[in-house]
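Q: Show me how the following folds:
(2 chains)
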Protein chains: 2
Amino acid sequence: MSSDPLVIFTPSGKRGTFPVGTPILTAARQLGVDLDSACGGRGICSKCQVTPSYGEFPKHGVTVAEDALSEWNAVEQRYDDKRGLTPGRRLGCQATVQGDIVIDVPAESQVHKQVVRKRAEVRDITLNATISRVYVEVEEPDMHKPSGDLERLMTALKEATGHAEITIDTHLLRPLQPILRKGNWAVTAALHLGHKDSAPRIVALWPGYYEAPLFGLAVDLGSTTIAGHLCNLATGEVVASSGLMNPQIRFGEDLMSRVSYAMMNKGGDLEMTDAVRAGLNQLVIDIAKDAEIDKSQILDAVFVMNPVMHHLFLGIDPFELGQAPFALATSDALELPASALGLDIAPGTQAYLLPCIAGHVGADAAGVALSEAPDKSEDLVLVVDVGTNAEILLGDKDGVLACSSPTGPAFEGAQISAGQRAAPGAIERVEIDPVTKEPRFRVIGCEFWSDDEGFAAAVANTGITGICGSGIIEVIAEMRIAGLVDASGLIGSAEQTGTTRCFLDGRTNSYTLWEGDADQKAITVTNADIRAIQMAKAALYSGARLLMDKRGVDQVDRVVLAGAFGAHISAKHAMVLGMIPDCTLDKVTSAGNAAGTGARIALLNSKARGEIETLVRQIEKIETAVEPRFQEHFVNASALPNSSDPFPILRDVVALPEVSFNTGGGESSAAGGGRRRRRRG
Amino acid sequence: MSSDPLVIFTPSGKRGTFPVGTPILTAARQLGVDLDSACGGRGICSKCQVTPSYGEFPKHGVTVAEDALSEWNAVEQRYDDKRGLTPGRRLGCQATVQGDIVIDVPAESQVHKQVVRKRAEVRDITLNATISRVYVEVEEPDMHKPSGDLERLMTALKEATGHAEITIDTHLLRPLQPILRKGNWAVTAALHLGHKDSAPRIVALWPGYYEAPLFGLAVDLGSTTIAGHLCNLATGEVVASSGLMNPQIRFGEDLMSRVSYAMMNKGGDLEMTDAVRAGLNQLVIDIAKDAEIDKSQILDAVFVMNPVMHHLFLGIDPFELGQAPFALATSDALELPASALGLDIAPGTQAYLLPCIAGHVGADAAGVALSEAPDKSEDLVLVVDVGTNAEILLGDKDGVLACSSPTGPAFEGAQISAGQRAAPGAIERVEIDPVTKEPRFRVIGCEFWSDDEGFAAAVANTGITGICGSGIIEVIAEMRIAGLVDASGLIGSAEQTGTTRCFLDGRTNSYTLWEGDADQKAITVTNADIRAIQMAKAALYSGARLLMDKRGVDQVDRVVLAGAFGAHISAKHAMVLGMIPDCTLDKVTSAGNAAGTGARIALLNSKARGEIETLVRQIEKIETAVEPRFQEHFVNASALPNSSDPFPILRDVVALPEVSFNTGGGESSAAGGGRRRRRRG
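A: Numbering: from 1, shown residues only, chains lettered A, B, ... in the order given. Take a look at the predicted model:
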């Protein structure tokens, strides 16, 4: 039995005996306790701060005396004087073991700390950044042992990190010598560790101990908007978020028009590549300004995007994605110099693009898969990222299927007569009184309902300008519940519905949602609007059904709606329209921008990169374009649910009136399905 | 015992039995016979051509029947029709074993063929290029198994080459899809294999089978001239050579002035970086034009140069090389994108820079070490690369020492009153009649001696413009042999020497080598010229002696003179001046541009890169600047050898007159050594 003092670390519970005089940091390392240190135990970085506990610890079976640690020393005093140390804290590299001791490692001193996620149902992010900061003292040059400054730096870094091989980014060859001398042969290196076998790479170098925080950028590169989150790589915290319109919009609203633009205009793809890269650099400027940091502190960048954006960002002509067999130029995850992508962040930064799942299921879907982790789910989960294309994942820990479904832009307010983007003035929520058939609504940017006092004054600035995607879902679902629309999707006439809000509008009927005023014309829902939504929801539903067929199930345990649109639609209304399979309402949740969250996970946890690459290889990809059952489902799904349809859960939620407005005049919902041209984008 | 047919390969002598129907290429691979193939046995590349032998082979103990191989087939016929096959040759991938057979593998069908070197004493170059050409057929895209075109290309390449991991140069992401489709899913890839553990990298890609030759560039980046050799990577042949003046000359003739320029002018180092890179791109244009190839066929580039040029080429300020401790920014070999060096050759090309040995002993000296291989020598060899700085290697298979000695530019004709670069019109050879003291000489660009009939007419064009480096060595040595100069380096007066060619010229005497004519003034050798050469040769000799001291020897077995200057000086004259240690004359050889040859070896044989990197680490580096014995040797070596000096071999070659012209007037050769400022460059 050893008579050496016992050291117990909390919260890990790891314990061991160590000779008197062993630094706490050394003990932690030997026991595999997750205690950070960036300066090699020189008392400079303070990352190894610990809180010793004194007194009786019956649970651990020890009593800790007051002198269980060495006395507060000059290095700690210097650090405390200079930067301040939280009372009760010691530097793990300075305090040495003198007797039995219990040491608490606070969260901020752990390398692999947990990053808080707002939603409870998703797994935690373990911080494991690709960038590691290492402080080293480098041997000075000696004429008798000639070797390059770089080689001596490498020797110091290899010793400090234990890596056998380290490389350096070419751009650092020039500033290397001045930095070493300015730091008086002490430097801080940022090492890009990578998640594969490749050797760590020095991507940045500062004289002396560099203590400013380092950041990474997680970007969701959407066809319409580009959204970026700037994360502190040491804490995982999102320090700034910024978004802007994708400047490619001037080449076409949807992806298919951009692919066409590239086909029709020589060099058009490169114009779009330049546009999106310029947009990203604007985002970098905005977000750095917002966070009050320098662009050169951004040392990592992770991207998710659909396949067309993926190719255009990489400078690859998306031509092949516009036609069968929709061949991706490259599908695997890519790690390449940010400079090769024209990104103006810290030189030497390696950008990481998540893998694409298939020709229509991009790195954004991979991001969703990483964030929502269907492969780790005990119950069967359907994850739907609703956009111009819907990316659909279905699975649990026994396997995951994926497909893409061409919903078209109706869900985003396009192809809708009064449709518009989600912006102030747009109607986003609707309720229709089932008796009076009178609507009330809310518009974005106003806290009142339209029948509240003060509504008129509150919307005076923005006006009431149109209906956004979630608004159109709600109004149509409410019309269906109120008996204004039948299961085939036809709006009834004033006579049939008993309200003059329904009126003949060409060959079919429309519904007046708002009468308009002196400045703005009325907002109506036309039968063509309902057709457009029917087509979109049929595509979405058919994709989900196809995966359920492949999996051999009729029902899913839960549904996750991802994407900005998914965050705003109400589960009830989505189910009334038959957008998603029958599912208990409280099992339908919204994941927000799950693709962007996936990018953030991959940014903060390099191990997650390997995980998503493995998962993407394992996902069973279903191409809807060549699945005959998809067309079958599509035709069947274009109708709206009826009370007689097999939706037991839906029937518990809402009664759907058994009405039929079909006058035999030829217009039928099923016919609409056949006429529609499938869109990609 | 097997009853399968016996297959014997010549010249390797490898043999084995194989089932009837085995292709010769397969048999060769199984036996480890070095038989090339780039198309995976599809009968496209013809690299596996072999010559079957028929009849009795008592030596091998077999009799080969006429039908020992399968019949000439359609694939061979097609190749013969299209490109022609040497009579008697078969395609190894098509001809199959039918009976006992003897197969000769011609040199051009070997991958690792020997490259002929002109000099007999040096080791052969084994061809083992860094670039490998691989033809593959790629699986077409399939909607049911979505994967990127790149990933399917990688699969095919991994299968064809056996490599577990392959990467691709970023620039190929864009052209990848059009190339695959143009080649109808068959492509030729150029793989950069590297000589370390790193995964092979696709650096070029062509549709179908690309049969045009691939080239590499070996460059000796000298301070004065840049010399490049373009080599066929499949044959090792030098197909074109080109040289140009280093455009940096406008910033300073010698390296020290360039370092000063960088110190005095902000951004001056980058100006010089731009200049040398522009010069290299001009060299590329010239050499590609000369060889009638496209720049994009140049897929490898290897560089040797001194440390200052090394840093300036890399874009590193050479400031630190101008002062003790002469710290290199980086000393190890570098492999980096040619594009990062601004080189306009095939995009994706990886450039290789040989390692530097020490702050004054550069990658050029490493090139000399690779070419002259002192580490493989059985006898002790002194290798001297004479230039502005002399790089000196001494060693044998038991170890190698290296140093650099600051000879200054006198050997190149600078600091000499009538000195000039080696160019038409310069005196390069001199003889002085020991009795009459009359000289005769030859000038560059003229085949006559000056006392030949026709000389005057022959030099009418160029004139007689000065003395080049080798000329000044010869004239001073001849003056010493003729008794016009004493051992201290003083020229005698007309009275002392008995010739009016010697005349009082200021405080010392000069010698008239040529009287001049109507157009050009006389060419004389002044006592200051002799002092300059004395200083240079003392530096060279002292460096060599210092290494000999370290090695503990008084004599070397042989001397190799490298460099352009070394190729032109006569061993006898060098020894009369005491430039090199006493050594049997026939053991003094010239290696020509050994540094450039080293670059060529590293270009053609990737294994040689690993070898020179290992050797450079092992070489014992001696810094002359801090060795007290160097100064001692230097003072002693400034005198010219005398017959009484311990040079037994020299005494056998030539009698040196015991004269002394010292009038006691204060001017003495030894004093000169102390006054001279050491120059680096």
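Q: Mind pulling up the pLDDT for whichever residue of the stretch 351-500 of chain A sits closest to chain B?
A: In the stretch 351-500 of chain A, the residue that lies nearest chain B is residue A:358 (3.5 Å; CB to the nearest CB). Yep, even glycine has a C-beta here, placed from its N, CA and C like the rest. Confidence at residue A:358, expressed as pLDDT, is 92.
Q: how many other residues sit next to it?
A: Neighbour count for residue A:358, taken as other CB atoms under 10 Å in any protein chain shown: 26.
Q: Tell me the secondary structure at the closest residue to it other than its chain neighbours.
A: Spatial nearest neighbour of residue A:358, chain neighbours left out: residue B:146 (3.5 Å); criterion: CB to CB, 6 or more residues apart in numbering or on different chains. Under DSSP: H, G, I helix; E, B strand; the rest coil, the three-state class of residue B:146 is coil.
Q: ok, residue B:146 - contacts?
A: A:326, A:328, A:331, A:357-359, A:361, A:621, A:623 (CB atoms under 8 Å, 6 or more residues apart in numbering or on different chains).
Q: who's the residue lying closest to residue A:413 once chain neighbours are set aside bridged to?
A: Distance criterion CB to CB, 6+ apart; nearest residue to residue A:413, sequence neighbours excluded, is residue A:419 at 3.5 Å. Residue A:419 has these beta-bridge partners by DSSP bridges: residue A:467.
Q: so the residue of the stretch 351-500 of chain A closest to chain B makes contact with residue A:623?
A: Yes. Using CB atoms under 8 Å, residue A:358 is in contact with residue A:623, at 6.8 Å.
Q: shared neighbours of those two, which are they?
A: Contacts common to residue A:358 and residue A:623, judged by CB under 8 Å, 6+ apart, are A:326, B:146.
Q: Specify the beta-bridge partners of residue A:219.
A: Per DSSP bridges, the residues bridged to residue A:219 are residue A:228, residue A:303.
Q: count of neighbours near it?
A: Residues near residue A:219, counting by other CB under 10 Å, number 29.
Q: so how far is residue B:3 from it?
A: Separation of residue A:219 from residue B:3 (CB to CB, to the nearest Å): 68 Å.
Q: sorry, back to before: quick one: residues contacting the residue of the stretch 351-500 of chain A closest to chain B.
A: Neighbouring residues of residue A:358 by CB under 8 Å, 6+ apart: A:326, A:328, A:331, A:402, A:404, A:621, A:623, B:146.
Q: Now do the same for whatever residue of the stretch 501-650 of chain A ends up closest to chain B: its pLDDT.
A: With CB to the nearest CB, the shortest gap between the stretch 501-650 of chain A and chain B falls at residue A:623, namely 4.2 Å. For residue A:623, the pLDDT comes out at 88.
Q: Tell me who's in contact with it.
A: Residue A:623 touches A:326, A:358-360, A:403, B:143-144, B:146, counting by CB under 8 Å, 6+ apart.
Q: Extract the CA atoms of stretch A:385-401 and return them as CSV.
A: Taking C-alpha atoms only, stretch A:385-401 is exported to CSV below (Å, rounded to 0.1, in the frame of the first residue of the first chain):
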residue,chain,number,x,y,z
ASP,A,385,-36.5,20.1,-43.6
VAL,A,386,-39.0,22.1,-45.4
GLY,A,387,-37.8,24.5,-48.1
THR,A,388,-38.0,24.7,-51.9
ASN,A,389,-37.0,21.1,-51.7
ALA,A,390,-37.9,19.1,-48.7
GLU,A,391,-35.2,16.9,-47.4
ILE,A,392,-36.6,14.0,-45.5
LEU,A,393,-34.9,11.6,-43.1
LEU,A,394,-36.6,8.6,-41.4
GLY,A,395,-35.0,6.4,-39.0
ASP,A,396,-33.8,5.3,-35.6
LYS,A,397,-30.7,3.5,-34.2
ASP,A,398,-31.4,0.6,-36.5
GLY,A,399,-30.9,2.7,-39.6
VAL,A,400,-31.8,5.9,-41.4
LEU,A,401,-33.3,6.5,-44.9
